[in-house]
Each structure stands twice: as C-alpha cells, then as structure tokens.
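In: Got a sequence here, can you build the structure:
(2 chains)
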Amino acid sequence: DAGVIQSPRHEVTEMGQEVTLRCKPISGHDYLFWYRQTMMRGLELLIYFNNNVPIDDSGMPEDRFSAKMPNASFSTLKIQPSEPRDSAVYFCASRSTGSSNQPQHFGDGTRLSIL
Amino acid sequence: QKEVEQNSGPLSVPEGAIASLNCTYSDRVSQSFFWYRQYSGKSPELIMSIYSNGDKEDGRFTAQLNKASQYVSLLIRDSQPSDSATYLCAVKGRKGGATNKLIFGTGTLLAVQP
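Out: Down below sits the predicted model:
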C-alpha cells in the first residue's frame, strides 16, 4: 500500500516567493495533519482536517500560511509570501477514522529552505 | 513550561545496554501517550503507545507510565546501533477536538555505540 505522499521533497526559494506543498493521504484515511519541524521548536501541528474540513488551525503561525483540502486525496499548504524563518521540514500525516488512538502515518516530508 | 518535555541528549549507550528515555508532560489529565522513532532525515514512525499506569512491553521496547508523576519513559533493552535515532514523546489532547491532536516533545537523540 502506498503511504502518505508529499511533494516536493526539497524546495529552495527566495524570500517573498509563494511556496506550495502538496500531500496525498493514505486512501481511506479521513484525518489529515500538517506539521512543521525545526530544531528549536520540534514537531508542531499546524492544522488538521477531518473529511476534508479544517477542524483546528490554531497552530498556523500567521496569515501568510493557508491550507486546503479540496478532496479526500489531496491537500496543499501554501506560504505567501515566504520568509527565511519559514525554513523547516513540513510533514503531512494521515490517520484512519475510529479511535483517536489510531496511529498517524507520516509522509517523507518537504525540506523547505527560504533564502 | 512546555507541554511535553524531553532531554535533547544525545544519550549515548554501548551496544547491548538498556537505553532509558524520559518524558514529562504538563496536562495532568492527559490519557494517551505515544513514542515515535525518527531516523535522521526520515519521518517519525510510531513504535509504542500506552494509556494505563504501569508497564507495556513489546519486544525489546517497554513503555512506562506514571500519571501521578506525569512521567512517561521508554526502555530499549539490548540496544543495537540500528536503534540510533531521535525518539519523540507525544501526548494526545484530552477533550473535544483536541483528542485528535498530538503534542510532541522536541525529542531525545539516542546514539548506540558498537
């Protein structure tokens, strides 16, 4: 079975540019999570969706960040305009329905560098 | 105070020894606790979950939970060089929509020396 698929794996861009990260969750999973990982702050939840609906975006750092899930098999995280402090690894994870103790399955992440 | 705290390490142990990784959390009523392993440059993967006070064993791994002390630990017996990774402690939110959220510690780097 295919796992969570993220693209691109690496992104290097200049400050001020728009960045779009993409995620395809595991088929049948109806929860999708976007995380950001840095050395200083560790792994932080940015936003999560249930059945394509954003449920909690309290972790989104500021208005420059937005996320969408137009259908059950695709989600995007967009940063516009990007800043050097946005440099991090961004992970997408998905989880099946049922108990909230079900494990979250992580994608390989997108390593983002803003110059 | 951080919600989930871990010593960043590195924790260095010789091959074959027991590695002990520790985690404390601030929300007294948290109910569910998880240990994820993350190899360098890779994504986190779940290795253990624990919900009740006491010990839970799975192969070489034992998770220990003490809710009164708000303390979770992971023991790795017969440590192998392949266990060298960062271990992330995660605590699940306790009510409403927060029960779908995991709060992660910053992780402890374990280095098993051959």
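
In: what about residue B:47, neighbour count?
Out: Residues lying near residue B:47 (other C-beta atoms under 10 Å in any protein chain shown) number 19. Where you see a C-beta, it was placed from the backbone N, CA and C, and this is true even at glycine.

In: OK, contacts around residue A:15?
Out: Counting by C-beta atoms under 8 Å, 6 or more residues apart in numbering or on different chains, residue A:15 touches A:81, A:82, A:83, A:84, A:114, A:115.

In: What separation do you get for the nearest residue to the fourth one once chain neighbours are set aside and residue A:81?
Out: Spatially, and ignoring its direct neighbours in sequence, residue A:84 is nearest to residue A:114 (4.8 Å; C-beta to C-beta, 6 or more residues apart in numbering or on different chains). In this structure, residue A:114 and residue A:81 are 10 Å apart, going by C-beta to C-beta, to the nearest Å.

In: and for these two, which residues touch both?
Out: Taking C-beta under 8 Å, 6+ apart as the contact rule, residue A:114 and residue A:81 both touch A:15, A:17.

In: Of these two, which one has the most company?
Out: Remark: of residue A:114 and residue A:81, residue A:114 carries more neighbours, 20 against 13, as counted by other C-beta under 10 Å.

In: Okay, the more buried one and residue A:11: tell me how far apart.
Out: According to C-beta to C-beta, residue A:114 and residue A:11 sit 9 Å apart.
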